[in-house]
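>>> coords please:
(2 chains)
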There are 2 protein chains.
Amino acid sequence: MKLYTYFRSSAAYRVRIALNMKGVGYDSVPVHLLRNGGEQLAPEYLAINPSALVPSLQDKGTTLTQSIAILEYLEEVHPQVALLPRDALGRARVRSLALMVACDIHPLTNLRVLRHLVQEVGLSEEAKTDWYVHWLREGMAALEAHLAHSRDTGRFCHGDMPTMADCCLVPQVFNARRFNVDMAPYPTIARIDAVCAALPPFADAHPSRQPDAE
Amino acid sequence: MKLYTYFRSSAAYRVRIALNMKGVGYDSVPVHLLRNGGEQLAPEYLAINPSALVPSLQDKGTTLTQSIAILEYLEEVHPQVALLPRDALGRARVRSLALMVACDIHPLTNLRVLRHLVQEVGLSEEAKTDWYVHWLREGMAALEAHLAHSRDTGRFCHGDMPTMADCCLVPQVFNARRFNVDMAPYPTIARIDAVCAALPPFADAHPSRQPDAE
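A predicted model of the protein is given here:
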């Protein structure tokens, strides 16, 4: 498998964790989102993924896009180690937690949006940061409420084994820390993040451990 | 099943289509996103879904949130009519197309974000519309490229049967039309939307056909 990735992309980070969890080897192809006017916008990359986003995963001659679709694909073709529980309600809960990150937080706070806010909407750097922190806090508070109020939450987001939800939570917490967002209001998220950080599949997927890290 | 819905919510619209496709009966509980300061923010609804978003689906005493997780759940517990193909690569493609709407377009253009842009960021109505149209066009262009360049695209997004991707595409096109976005640059999307519109499960899920329609 070949993974088009950027060390700091939290969507690529999710997929790196899952590949590591499942013990699936892959080749990293770095796509630098800032250099050369954004390598994701180069014609060669747009031919691979017209959405101009990372990650893309190539397997069996086919290109897969969208990190959550890639996680589901890996779960289907490499069922061990499982990243979804067996019961339908549990699977729905894990997917829902993952999507709270992937739909409600990350799309509002990713690089292309922050850049658009400054360059096209005309926000100051301070107003851009306010925007970032607002949606991060909003999303983290909702995720914390879902996690803290459910008896299905265990050492990890769902029970005592990591799932897709943890693959999404950890990169989002990494981003929050980069923007100096105080994690104190989200004790369940912070606790789960700390448990994950100690596991090699998570540690090895960390941005600082990638070949393209700066 | 009980669906907390708002007639114009495109995330709820996706789930309504899937429920109709599968012939699963449900009770609609309207949550008016504008009235009474937003009924999704009322303590009674936050106790159901702390994310303050629709849809929520209640089944077997459990509340499910996040439309894409709900579509996956319905697919697992009501496998007929199938909304995903059988092969892993095909399933990944359908999920990816669905997520191009659910992650790359809708989160940037939904009600809470448009409201925040005006009320907190201080954008004019005109600048708000520019924002909306920008992300809609960006996302539609990417989706069109993915659809137009793949031989897997058929009468519908994937082959000749509707899938989760169509459940997401149709509500997004409805939104685009509401904002008078010209669909001419997206002929494949427009063609698929027209094919879907003729099918009763899609027609019956239309906002204008809901009990809370205005």
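>>> any idea which element the residue of chain A most remote from its centre lies in?
Distance to the chain centre peaks in chain A at A:G122, reaching 27.6 Å (criterion: Cα atoms, centre = their mean). Using DSSP states H and E, A:G122 falls within no helix or strand.
>>> Equivalent analysis for A:Q58, please.
Applying DSSP H and E as the criterion places A:Q58 in strand A:56-59.
>>> Please apply the same query to A:A52.
Element membership for A:A52 (DSSP H and E) is empty, with no helix or strand holding it.
>>> Is whichever helix or strand comes after the strand holding A:Q58 positioned near chain B?
Scanning forward in sequence from strand A:56-59, with DSSP H and E defining helices and strands, the next element found is strand A:62-65. Yes: figure legend: strand A:62-65 in contact with chain B (Cβ under 8 Å from any Cβ of the partner chain); contacting residues A:62, A:64-65. C-betas here are computed from N, CA, C, even on glycine.
>>> Return a PyMOL selection command for the buried portion of these.
Here the buried members of the residues of strand A:62-65 next to chain B are turned into a PyMOL selection, burial being counted by 16 or more other Cβ atoms under 10 Å in any protein chain shown:
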select buried, chain A and resi 64+65
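>>> Which elements pack onto the longest helix seen in chain A?
Longest helix in chain A by number of residues (criterion: DSSP state H): helix A:125-148. When contacts are defined as 3 or more Cβ pairs under 8 Å, 6 or more residues apart in numbering or on different chains; DSSP states H and E, helix A:125-148 sits against helix A:88-102, helix A:106-109, helix A:111-119, helix A:164-178, helix A:187-197.
>>> Go through it and flag the buried ones.
A:127-128, A:131-133, A:135-147.
>>> follow-up on the earlier one: please dump the residues of strand A:62-65 next to chain B into CSV; it should also carry distance to A:D193 and pLDDT for every row.
As requested, the residues of strand A:62-65 next to chain B are exported to CSV (distance: Cβ to Cβ, whole Å; pLDDT from 0 to 100):
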residue, distance to A:D193, pLDDT
A:T62, 33, 96
A:L64, 27, 98
A:T65, 27, 98
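>>> Buried residues in stretch A:200-210, which are they?
The neighbour-count check on stretch A:200-210 (16+ other Cβ under 10 Å) flags A:201-202, A:205-207, A:210 as buried.
>>> And stretch A:186-203, by the same measure?
By 16+ other Cβ under 10 Å, the buried positions in stretch A:186-203 come out as A:186, A:188-190, A:192-193, A:195-196, A:199, A:201-202.
>>> these two touch, right, A:M100 and B:Q66?
Yes: with contact defined as Cβ atoms under 8 Å, A:M100 counts as touching B:Q66 (6.6 Å).
>>> Using JSON lines, lay out the buried residues of stretch A:200-210 together with pLDDT, distance to A:V15 and secondary structure.
Converted to JSON lines, the buried residues of stretch A:200-210 look like this (pLDDT from 0 to 100; distance: Cβ to Cβ, whole Å; DSSP: H, G, I helix; E, B strand; the rest coil):
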{"residue": "A:P201", "pLDDT": "98", "distance to A:V15": "12", "secondary structure": "helix"}
{"residue": "A:F202", "pLDDT": "98", "distance to A:V15": "13", "secondary structure": "helix"}
{"residue": "A:A205", "pLDDT": "98", "distance to A:V15": "9", "secondary structure": "helix"}
{"residue": "A:H206", "pLDDT": "98", "distance to A:V15": "13", "secondary structure": "coil"}
{"residue": "A:P207", "pLDDT": "98", "distance to A:V15": "13", "secondary structure": "helix"}
{"residue": "A:Q210", "pLDDT": "97", "distance to A:V15": "12", "secondary structure": "coil"}
